[in-house]
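Colleague: Fold the stuff below for me.
(2 chains)
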There are 2 protein chains.
Amino acid sequence: MGLVVQKYGGSSVADAEGIKRVAKRVVEAKKNGHQVVVVVSAMGDSTDELIDLAGQVSPVAQGRELDMLLTSGERISMALLAMAIKALGHEAQSFTGSQAGVITDSVHNKARIIDVTPGRIQSSVDAGNIAIVAGFQGVSQSSKDITTLGRGGSDTTAVALAAALNAEVCEIYTDVDGVFTADPRVVKKARKIDWISFEDMLELASSGSKVLLHRCVEYARRYNIPIHVRSSFSGLKGTWVSNQPLGGQPMEQAIISGVAHDTSEAKITVVGVPDKPGEAAKIFRTIADSEVNIDMVVQNVSAASTGLTDISFTLPKSEGHKAIEALEKRRSLIGFDALRYDDQIAKISLVGAGMKTNPGVTATFFEALSNAGVNIELISTSEIRISVVTREDDVNQAVRAVHSAFGLDSESEEAVVYGGTGR
Amino acid sequence: MGLVVQKYGGSSVADAEGIKRVAKRVVEAKKNGHQVVVVVSAMGDSTDELIDLAGQVSPVAQGRELDMLLTSGERISMALLAMAIKALGHEAQSFTGSQAGVITDSVHNKARIIDVTPGRIQSSVDAGNIAIVAGFQGVSQSSKDITTLGRGGSDTTAVALAAALNAEVCEIYTDVDGVFTADPRVVKKARKIDWISFEDMLELASSGSKVLLHRCVEYARRYNIPIHVRSSFSGLKGTWVSNQPLGGQPMEQAIISGVAHDTSEAKITVVGVPDKPGEAAKIFRTIADSEVNIDMVVQNVSAASTGLTDISFTLPKSEGHKAIEALEKRRSLIGFDALRYDDQIAKISLVGAGMKTNPGVTATFFEALSNAGVNIELISTSEIRISVVTREDDVNQAVRAVHSAFGLDSESEEAVVYGGTGR
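Modeller: Model prediction:
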């Protein structure tokens, strides 16, 4: 039996009871003969409370000191978890990101992991301890300052440690039973996926599925670390994310892995753009200069009579005003008639490697939407994904229709536990 | 202008308002041309809350993991203070004990400082920053684990940093105006002491005065670091503790520095001990083996008729049961008739280097107690201190009587602010 890395989010360690429940689960893995390394997030809402406090003392709290502040959260949960494990008669030691050798760049609040040197962790587990590591944090290679990894940081810590320690698996414990074929809050008959490839999971993550973040899956794929996403509440087997189904349990790859949706984006249409080379470049250079990330881009066919065309793109709602402002500023330089801003949209994506070799997927997708009376505003495709933009009001109906059309509905409604989200 | 170390206790940084008030005071020192290093404790009661949490997950929370847990407290207050200072337009950086180079032994929960290597702090202040350092914590030299310094640890951190940085002064900000000639809660006419020698302060600290702990004063004396104890609320000049009055403000050393009292001790009397060599040694070896610290020791004159004597000693109430148990266990080996335990006692101490050269101090002390109708149960003296044990009920009356007899009363009642205590 090899080494296992387990990650528990904030909702799993929200209070003393939660911490004791996690301790039991950790000890179980140890008793099963594994070396165990545990990555924890801060308790429940404690991060938000710290951010509140920061707001009270300073209007511009960020950077180095915000990282110093927030990293106290994991320090509390990891020390408590180590104590709870010791109370069960097993040896445990907690380590900060810095002690665990999580080396990052110097970009405070959203640092990237450069290297992991887990010498102390390896020694600790070799000596028979369960090692507990603070998620979400590291230490800057150049300045030796404490850094945080930003959103989804704890999952990334877990996968990075699993890679550096050559772990058998990285188990991500959360408040749902795994990755589902659609959001179970929307589709009651969504099925838990037993296995999904890294590629499909990456597409789902970037299409609105929130169970795993893109960044963490990308890291796991690069180092080929199998991820097992599962519930810390139910104890059921969850979803395996890996290169190929694990040996001993052959699984047929589904044509379609799942349907994801995302209502966090807005659409901007630049109306009346001269249809000549260089115009699109001007627009997207302007957007890039204002540090806004865009998602889908569609250029309409030019109307022959005017020589003008429209260009639409989607972007996070939170960055809408920045993009509008930037475009208005360069209006005369770019040359367009008007800007239209629309934040009542939804994106629905169908993901599955099988669609490469199965003609008719696109047709079935569009037919399902049409039958449900859902109008399509934009379309964008990759090799293993089709995304459309619709009215936000239509999203639940659209997701259910597509889910049914591809035979993804389970026979019963599955039980799912919901809570807060970790980091 | 040189470098100043300022230390703020938990009650000074109990909430956002407190932190902002402290930030203003820190910035003032910086504006006056000083390099400023600030040592902070955890916010208000946050340490107790963390200890509560630890108790909820484990009945035996201590050692390495308790230190990891508790050190999150200073991490929060120091990061918030740095933010509050930045909000005032000055540069600040916070540092953990480990980052500040506070190297300790490996005794968790009550580590001792072995060395301070403040390279990062020196660089930070040389670059124009205000450096904020977590009090109460360090890093073990051998295991590289996080340690805490135990009671009064933040004061000790401040003095140790002041020594290592060759500071002009170590300012200890607290919730009283300084060191008083007696506890102002007992003696309304107690006077604030403007200057007191290290030696007298050491005796006061070990006799029940709680403003500065013995350990911190001892450290300051060894490295000759002047301490200025003052209120973070009033901003008044407080009490200077140093080798000799600072130049420019000659002060005459008082004969008597102050009257301290202590009601935290109990008295044990070992009755009917054979008056022969080696008996006392057996008793105090027994006490030492049970790791109990004792304070005063008195052996009565032996009664010639029986050849038996009584031996009394005082010790912290909290350790009374341990001592009784240890003595009972070796009763036959030691040989005594009975044990008497009394926790209704108080110790009153008169401290002042002047008493060495002023005959009559002892007489005046005893006369004052006698006139107040206070009975003396035990007496112990050092070169610059006289201590007596009385009934606990008599303590306030006794302290007031002695304070008056030595002319320590001020003409008016001074204003004092009280709050919680730091660590």
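
Colleague: Over to the residue in the stretch 201-350 of chain A positioned nearest to chain B: give its phi and psi.
Modeller: Relative to chain B, the nearest point of the stretch 201-350 of chain A is residue A:232 (15.8 Å; Cβ to the nearest Cβ). C-beta coordinates here come from the backbone N, C-alpha and C atoms, glycine included. Backbone torsions for residue A:232, taken as degrees, to the nearest 10, come to phi -80, psi -10.

Colleague: for residue A:361, same thing?
Modeller: The phi/psi pair for residue A:361 (degrees, to the nearest 10) is phi -60, psi -50.

Colleague: didn't the residue of the stretch 201-350 of chain A closest to chain B look like it was pressed against residue A:177?
Modeller: No: Residue A:232 is beyond contact range of residue A:177, at 10.5 Å (criterion: Cβ atoms under 8 Å).

Colleague: Pull the number of nearby residues for residue A:372.
Modeller: Residue A:372 has 17 neighbouring residues, counting by other Cβ atoms under 10 Å in any protein chain shown.

Colleague: in its sheet, what does the worst-scoring helix or strand of chain A on mean pLDDT sit against?
Modeller: In chain A, no helix or strand scores lower on mean pLDDT, DSSP states H and E than strand A:297-299, which sits at a mean of 82. Sheet pairing for strand A:297-299, assigned by DSSP bridges, gives strand A:308-316 (antiparallel).

Colleague: pLDDT averaged over the strand it pairs with, what's the number?
Modeller: For strand A:308-316, the mean per-residue pLDDT is 90.

Colleague: On the C-terminal side of that strand, identify the next helix or strand.
Modeller: helix A:320-329 (DSSP states H and E).

Colleague: Just list what that following helix packs against, helices and strands only.
Modeller: Helices and strands touching helix A:320-329, by 3 or more Cβ pairs under 8 Å, 6 or more residues apart in numbering or on different chains; DSSP states H and E, are strand A:265-274, helix A:279-289, strand A:338-342.

Colleague: what angle separates that helix from helix A:279-289?
Modeller: For helix A:320-329 against helix A:279-289, the angle by axes from the mean of the first three to the mean of the last three Cα atoms, to 10 degrees is 130 degrees.

Colleague: mind listing what's buried in stretch A:381-399?
Modeller: Neighbour-count burial for stretch A:381-399, with 16 or more other Cβ atoms under 10 Å in any protein chain shown as criterion, is recorded at A:384-390, A:392, A:394-396, A:398-399.

Colleague: tell me which of the residues you listed is nearest to residue A:314?
Modeller: The nearest member of the buried residues of stretch A:381-399 to residue A:314, counting by Cβ to Cβ, is residue A:389 at 6.5 Å.

Colleague: roughly how far apart are that closest one and residue A:272?
Modeller: Note on residue A:389: its distance to residue A:272, by Cβ to Cβ, to the nearest Å, is 21 Å.

Colleague: again with residue A:265
Modeller: Relative to residue A:272, and taking Cβ to Cβ, residue A:265 is found at 23 Å.

Colleague: Over to residue A:92?
Modeller: 65 Å.

Colleague: what's the answer for residue A:204, then?
Modeller: Going from residue A:204 to residue A:272 by Cβ to Cβ gives 36 Å.

Colleague: Looking at those two, which one has more neighbours?
Modeller: residue A:204 (30 against 15).

Colleague: So the more buried one is in contact with residue A:258, correct?
Modeller: Yes: with contact defined as Cβ under 8 Å, residue A:204 counts as touching residue A:258 (5.8 Å).

Colleague: Mutual contacts of those two, please.
Modeller: A:179, A:196, A:351 (Cβ atoms under 8 Å, 6 or more residues apart in numbering or on different chains).

Colleague: Would you convert these into CSV that also reports pLDDT and distance to chain B?
Modeller: Shown next, in CSV, are the shared contacts of residue A:204 and residue A:258 (pLDDT from 0 to 100; distance: Cβ to the nearest Cβ, whole Å):
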residue, pLDDT, distance to chain B
A:179, 96, 31
A:196, 93, 35
A:351, 95, 41
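
Colleague: Poorly predicted segments of the stretch 151-300 of chain A, please.
Modeller: A:246-253 (pLDDT under 70).

Colleague: And for residue A:357, the neighbour number?
Modeller: Count around residue A:357 with other Cβ under 10 Å applied: 8.

Colleague: swap that for residue A:285, please
Modeller: Residue A:285 - counted by other Cβ under 10 Å - has 12 other residues nearby.

Colleague: what sits against it?
Modeller: Contacts of residue A:285 by Cβ under 8 Å, 6+ apart: none found.

Colleague: Grab the nearest non-local neighbour of residue A:376.
Modeller: residue A:388 (4.7 Å; Cβ to Cβ, 6 or more residues apart in numbering or on different chains).

Colleague: residue contacts, residue A:8?
Modeller: So residue A:8 contacts A:22, A:38, A:39, A:40, A:41, A:81, A:173, A:232, A:422 (Cβ under 8 Å, 6+ apart).

Colleague: how about the closest residue to residue A:318 other than its chain neighbours, what does it touch?
Modeller: Nearest residue to residue A:318 in three dimensions, chain neighbours excluded: residue A:264, at 7.9 Å (Cβ to Cβ, 6+ apart). By Cβ under 8 Å, 6+ apart, the residues touching residue A:264 are A:208, A:316, A:317, A:318.

Colleague: Write out the residues of chain A neighbouring chain B.
Modeller: A:16, A:19-20, A:23, A:50, A:53-54, A:56-61, A:64-66, A:68-69, A:71-73, A:75-76, A:78-84, A:86-87, A:92-94, A:96, A:99, A:120, A:144 (Cβ under 8 Å from any Cβ of the partner chain).

Colleague: If any of these are buried, give me the PyMOL selection for them.
Modeller: A single PyMOL command selects the buried members of the residues of chain A next to chain B (16+ other Cβ under 10 Å):
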select buried, chain A and resi 16+19+20+23+50+53+54+56+57+58+61+64+65+66+68+69+71+72+73+75+76+78+79+80+81+82+83+84+86+87+92+93+94+96+99+120
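
Colleague: Could you tell me which of the residues of chain A next to chain B are located in strands?
Modeller: For these, the ones inside strands are A:92, A:93, A:94, with DSSP state E as the criterion.

Colleague: quick one: which of the residues you listed is nearest chain B?
Modeller: Within those, proximity to chain B (Cβ to the nearest Cβ) peaks at residue A:94, which comes in at 5.2 Å.

Colleague: Surely the closest one is in contact with residue B:68?
Modeller: Yes: using Cβ under 8 Å, residue A:94 is in contact with residue B:68, at 5.2 Å.

Colleague: so what sits against both of these two?
Modeller: By Cβ under 8 Å, 6+ apart, residue A:94 and residue B:68 have these common neighbours: A:75, A:78, A:79, A:82.

Colleague: In TSV, list those residues along with distance to residue A:371 and pLDDT.
Modeller: Listed next are the shared contacts of residue A:94 and residue B:68 as TSV, based on distance: Cβ to Cβ, whole Å; pLDDT from 0 to 100:
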residue	distance to residue A:371	pLDDT
A:75	54	96
A:78	52	97
A:79	56	97
A:82	56	97
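
Colleague: Any chance of JSON lines for these, columns distance to residue B:356?
Modeller: Formatted as JSON lines, the shared contacts of residue A:94 and residue B:68 follow (distance: Cβ to Cβ, whole Å):
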{"residue": "A:75", "distance to residue B:356": "50"}
{"residue": "A:78", "distance to residue B:356": "55"}
{"residue": "A:79", "distance to residue B:356": "50"}
{"residue": "A:82", "distance to residue B:356": "53"}
